[in-house]
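>>> show me the folded form of this:
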Amino acid sequence: MKISIIKCSIVATLLLSLGGCKSDFLDRINPNKPVEDIFWVNEGDAQAAMATIYSPIRSQMSGYYGAYSGYQTMNRADDVWFLAGEEPFTWEYINFLNSAGTSASDFGSLYSGINRANVFFQNISKVPMDENKKKELSAEASFLRGMYYFLLAANYGDVPLLLIPAGDDPEGTNKPASPEAEVWKQVITDFKAAKDNLPVTRPAAEAGRVTKGAAIAYLGKALVYTKQYAQAETELKALLTAPYTYDLVENFEDNFKDNTKLNKESIWELVYDSKFGSDGPWGQESPNSPQGFVLPNFAGPDGTGAWFKLMPGASVVSSFIAEERPAGSDTRFDKRMYTSFFWKYSDYETGLTDGAWFGNQPFDLMWSNASSKRQRGEPVYPTISNKPGRFLIKKYTNFFLNAAGSNSMYDATNRNNNFRVFRFAEVLLLHAEACAKNGNLIDAAKSLTRVRSRAGLGTKNWTGENELMKEIIKQNELEFFFEGHRFFDLKRLYTPAEMKQILITNKKQGANNFQPKHYYLPIPESEMNTNTKIQQHPLWR
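Residues are numbered from 1 along each chain as shown. I've put the predicted structure just below:
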C-alpha cells in the first residue's frame with residue numbers, strides 16, 4: 001500500500017490519532033468500545049496511524065517548523081534580524097528575554113508526536129500484515145520518535161523520556177526529566193533502529209516519508225552533536241557512495257523552488273500541497289487542517305503579499321562578501337548570496353542585469369515599500385563599493401513565481417513549495433567536521449571543498465584542524481542562512497561566554513542579554529504546572 005503523508009487527514013485527540021486517513025473513521029467508531037479493539041485491524045489502519053506521527057512536525061503555522069511559531073523562534077541567532085512590533089513572543093525569544101511563561105513553546109507538540117509513536121509501537125504487532133512491511137513501518141516510527149527527541153534534546157536539554165503510551169504508564173505523563181545525555185542515547189538508539197529497516201528509496205506516491213538515508217543522516221548528526229566523531233564519520237561516509245545517489249544540485253536555488261522539489265540533494269522534505277485541507281484555525285489539528293506552505297507570507301518583503309517580519313542579519317551579509325569569487329567569474333560574490341537575499345546587483349558589481357520580482361518589481365521599489373517597517377529598527381549592513389548595503393530575505397519566499405502578491409498565503413497557488421529539512425550539503429559539512437575532529441584532514445577537505453565549489457568559491461587549502469573547523473563553521477553559516485541551523489552550531493561549538501561575544505560582535509539583537517541559560521529553552525510553565533515530578537532545567541532554576 002502506497003500512501004503519501006500529505007493525503008492523510010491531520011487529527012488532534014488521541015482517539016483520532018489512531019486514525020486519520022479514512023473519511024468515514026468517525027462514523028465507524030462505537031463510543032462504547034475501546035478504540036484499539038476496532039481500529040488496529042488492517043494495514044490501512046497502521047498507515048493512517050503513521051500519518052498522525054508526522055502531523056506535529058508538519059503544521060504550517062504552529063509547531064517546530066511552523067511559520068508562525070517554531071520557525072521564528074528557532075532562528076534566534078545572529079543571521080536573522082526580526083522587525084520590532086511583530087509577535088511579542090518572538091521578540092522575547094530573539095532578545096533573550098524569554099521565560100518559562102513565554103508563549104508558542106513547541107514542547108507539547110513534540111511530545112504529541114512521541115506519544116503517537118509509542119501508541120504505534122504498542123499496537124502494530126496485532127495488525128495482520130506482511131512482516132517485512134511491519135518492520136518498515138516500525139522503523140519509520142522509530143525515526144520520527146528519534147527526531148522528536150533530537151529536537152527536544154537540542155532545545156531543552158533535560159526532558160522526560162516517555163517510551164510507552166501515556167495512557168498505559170502508571171505514572172502517565174507525570175515524569176521527572178532525564179539527563180540530556182540519556183535523551184541523546186535514546187535519539188541514537190531510535191535512529192539506529194530506523195536505519196536497519198527503512199527503504200533506500202521511496203516511490204513518488206510516498207513522497208515525504210523518510211528513508212534509510214534520512215535515518216543515517218540524522219544518526220550522523222546526533223553523533224556529531226554528542227562529539228562521537230569516529231562513529232559519525234563512518235555513518236556519514238556511507239551516504240557518499242552507492243547505493244545512495246545523493247549529490248549537490250548544480251544550481252543552489254533549486255533547493256528553494258516549488259518546481260525542483262525532491263531533487264537529488266534532498267535527504268528529507270516536509271511535503272506541502274495547498275489542495276489538501278482548508279483554511280482552518282491556526283495551530284489546531286483537524287481532519288481538514290490546511291496543508292500548504294506559508295513561510296513566504298512571513299519572510300517576504302512588504303508589497304509582495306507578505307507581512308514582512310524579518311531581514312537578513314548584518315553579520316551574515318559581511319560573511320558573504322568577505323570572500324569574493326576568483327577573477328573572471330560570472331558574479332562577484334558567492335553564488336548562494338543571490339538566492340539568500342534580494343538586492344540591487346548594479347549597486348555593487350557590473351555585468352549583471354538587475355533582478356525584478358513579484359510582478360516585475362525592481363529592488364528599489366521593494367526597498368522603498370519596506371521603509372515604514374524598517375524605521376522601527378534595522379540592521380546596519382556593510383558598505384560595499386562605497387554604497388550602503390541594502391538587503392531583504394529571498395530564500396523561502398516565492399521569488400520564482402514573479403507574480404504580484406505571490407507571497408500571500410491567501411492564494412492557494414502560492415502555497416505549494418516544500419520545506420527542505422535535511423539537505424545533502426549538511427551531510428557533507430557534518431562529514432567534514434567529523435573527519436576534521438578525527439584528524440582525517442584529507443577527507444574533511446574533500447567534503448568541504450564540494451560545498452565551496454558549488455558556491456563558486458576558489459580553491460583553498462587548510463593546514464590543520466583549526467583552519468578546517470573555522471571554514472566549516474563559516475560554510476554552515478552561509479549555506480544554511482535562515483534555515484534554523486546557526487544557533488545550534490554556535491551552541492555546540494562555543495562556550496556560553498564565547499557565544500555571547502560572537503553575538504555581541506555581530507550586533508545580534510539582545511546579545512547583551514544572553515546568559516548561559518539561553519543555551520536552552522526553559523521547560524514551559526504549562527508542563528511545570530501539570531507534571532509534579534519534573535524540575536526546571538538547572539540553568540533556568
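>>> just say helix, strand or coil for T260.
Under DSSP: H, G, I helix; E, B strand; the rest coil, T260 falls in the coil class.
>>> could you measure from it over to N251?
Separation of T260 from N251 (Cβ to Cβ, to the nearest Å): 8 Å. For the C-beta atoms, the positions are set from N, CA and C on the backbone; glycine is no exception.
>>> of the two, which one has the most company?
T260 (17 against 13; other Cβ atoms under 10 Å).
>>> how close does that one sit to L144?
From T260 across to L144, the span is 26 Å (Cβ to Cβ).
>>> likewise for A497?
From A497 to L144 the distance is 36 Å (Cβ to Cβ).
>>> which one of the two is surrounded by more residues?
Taking other Cβ under 10 Å, A497 and L144 do not tie; L144 has more neighbours (23 against 10).
>>> point me to the helix or strand that includes the more buried one.
Take DSSP states H and E as the rule and L144 turns out to sit in helix 131-156.
>>> packing partners for the following helix or strand past that helix?
Next helix or strand after helix 131-156 toward the C-terminus (DSSP H and E): helix 180-197. Judged by 3 or more Cβ pairs under 8 Å, 6 or more residues apart in numbering; DSSP states H and E, helix 180-197 is in contact with helix 131-156, helix 212-225.
>>> what lies in contact with helix 180-197?
Outside helix 180-197, the residues that touch it by Cβ atoms under 8 Å, 6 or more residues apart in numbering are 135-136, 138-140, 142-143, 145-146, 149-150, 152-153, 157-159, 161, 163, 210, 212, 215-216, 218-219, 222-223, 225-226.
>>> go on, stretch 328-336?
Defining contact as Cβ under 8 Å, 6+ apart, one finds that stretch 328-336 is touched by 252, 320-321, 323-325, 338, 348-349, 351-352, 454-457, 478-479, 481.
>>> buried residues in it, which are they?
Across stretch 328-336, burial judged by 16 or more other Cβ atoms under 10 Å covers 332-336.
>>> so where's the stretch 251-400 of the chain shaky on pLDDT?
By pLDDT under 70, the low-scoring segments of the stretch 251-400 of the chain are 279-283, 287.
>>> now the strands for it?
Counting by DSSP state E, counting those that start in this stretch, one finds strands in the stretch 251-400 of the chain at the ranges 266-270, 310-312, 341-342, 356-357, 361-362, 392-393.
>>> the first one - which strands sit beside it in the sheet, and in what orientation?
Using DSSP bridges, the neighbouring strands of strand 266-270 in the sheet come out as strand 419-423 (antiparallel).
>>> over to the fourth one?
Strand 356-357 has these partner strands in its sheet, going by DSSP bridges: strand 361-362 (antiparallel).
>>> what lies in contact with the strand it pairs with?
Contact partners of strand 361-362, identified using Cβ under 8 Å, 6+ apart, comprise 303-304, 344, 354-356.
>>> same list, the strands of the stretch 251-400 of the chain, but as JSON lines with distance to K517 and mean neighbour count please.
Converted to JSON lines, the strands of the stretch 251-400 of the chain look like this (distance: least, Cβ to Cβ, whole Å; neighbours: other Cβ atoms under 10 Å):
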{"stretch": "strand 266-270", "distance to K517": "30", "mean neighbour count": "21"}
{"stretch": "strand 310-312", "distance to K517": "25", "mean neighbour count": "25"}
{"stretch": "strand 341-342", "distance to K517": "33", "mean neighbour count": "24"}
{"stretch": "strand 356-357", "distance to K517": "41", "mean neighbour count": "19"}
{"stretch": "strand 361-362", "distance to K517": "43", "mean neighbour count": "16"}
{"stretch": "strand 392-393", "distance to K517": "29", "mean neighbour count": "24"}
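>>> nearest to A67, of those?
Between A67 and these, the shortest separation by Cβ to Cβ is 10.7 Å, and it involves strand 310-312.
>>> for the closest one, name the packing helices and strands.
Against strand 310-312 (3+ Cβ pairs under 8 Å, 6+ apart) you get strand 80-82, strand 392-393.
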